[in-house]
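Colleague: this one's sequence-less:
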């Protein structure tokens, strides 16, 4: 194996359980969680420079959250389902690409579902905290049933960011 190839088997061994646990917690559906886990590893393989990322675990969890957002949650209620179904506001489509909108939605999940502060969630997702605050205010996500994530994931995101 040359130096630039990625060992997928080792990658899955290292992050597979964490990703599947994250997907199960967000989607609450085993079949969709398995599909989202597979999608996560496809995104990891497509992500350039992820090996050089200072916090690969946090990056993989962010990609897992995005993979879950791209799946439609089976239950139509709850904070995660509301965020997953959010269409990009028309006025924001001129300001940001679809990828940036996905990053804002990931930040919303980190804030509303996982309990990170607005500043922590914005930093983790690489988005503007002001834009995230506006989304949370406009959509009314303050009153959601947050904190359904896997226990300890908040600490993983924060510790990996440090």
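Modeller: Great, that's in hand. Since the model is a prediction, treat every value here as computed from it, not as a measurement.
Colleague: from here on, contacts and neighbour counts on C-alpha atoms
Modeller: Noted.
Colleague: and the helix or strand hosting residue 57, what's buried?
Modeller: Assessed by DSSP states H and E, residue 57 sits inside helix 56-70. For helix 56-70, the buried set under the neighbour-count rule, 16 or more other Cα atoms under 10 Å, comprises 56-69.
Colleague: could you do stretch 11-18 as well?
Modeller: Result for stretch 11-18 [16+ other Cα under 10 Å]: buried residues 15-16, 18.
Colleague: that older thread, next secondary structure element downstream of the helix holding residue 57?
Modeller: Sequence-wise, the next helix or strand downstream of helix 56-70 (DSSP H and E) is helix 79-84.
Colleague: okay, the angle between the helix or strand harbouring residue 110 and helix 56-70?
Modeller: Element membership for residue 110 (DSSP H and E) is helix 98-112. Per axes from the mean of the first three to the mean of the last three Cα atoms, to 10 degrees, the angle that helix 98-112 makes with helix 56-70 is 100 degrees.
Colleague: for the strand or helix carrying residue 137, packing partners?
Modeller: Assessed by DSSP H and E, residue 137 sits inside helix 129-139. The helices and strands touching helix 129-139, judged by 3 or more Cα pairs under 8 Å, 6 or more residues apart in numbering; DSSP states H and E, are helix 98-112, helix 118-125.
Colleague: tabulate the buried residues of helix 56-70 (JSON lines), appending pLDDT and distance to residue 45.
Modeller: Output for those, formatted as JSON lines (pLDDT from 0 to 100; distance: Cα to Cα, whole Å):
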{"residue": "56", "pLDDT": "76", "distance to residue 45": "13"}
{"residue": "57", "pLDDT": "81", "distance to residue 45": "14"}
{"residue": "58", "pLDDT": "81", "distance to residue 45": "15"}
{"residue": "59", "pLDDT": "81", "distance to residue 45": "12"}
{"residue": "60", "pLDDT": "86", "distance to residue 45": "11"}
{"residue": "61", "pLDDT": "88", "distance to residue 45": "14"}
{"residue": "62", "pLDDT": "88", "distance to residue 45": "14"}
{"residue": "63", "pLDDT": "89", "distance to residue 45": "11"}
{"residue": "64", "pLDDT": "92", "distance to residue 45": "13"}
{"residue": "65", "pLDDT": "92", "distance to residue 45": "16"}
{"residue": "66", "pLDDT": "91", "distance to residue 45": "15"}
{"residue": "67", "pLDDT": "93", "distance to residue 45": "13"}
{"residue": "68", "pLDDT": "92", "distance to residue 45": "17"}
{"residue": "69", "pLDDT": "89", "distance to residue 45": "19"}
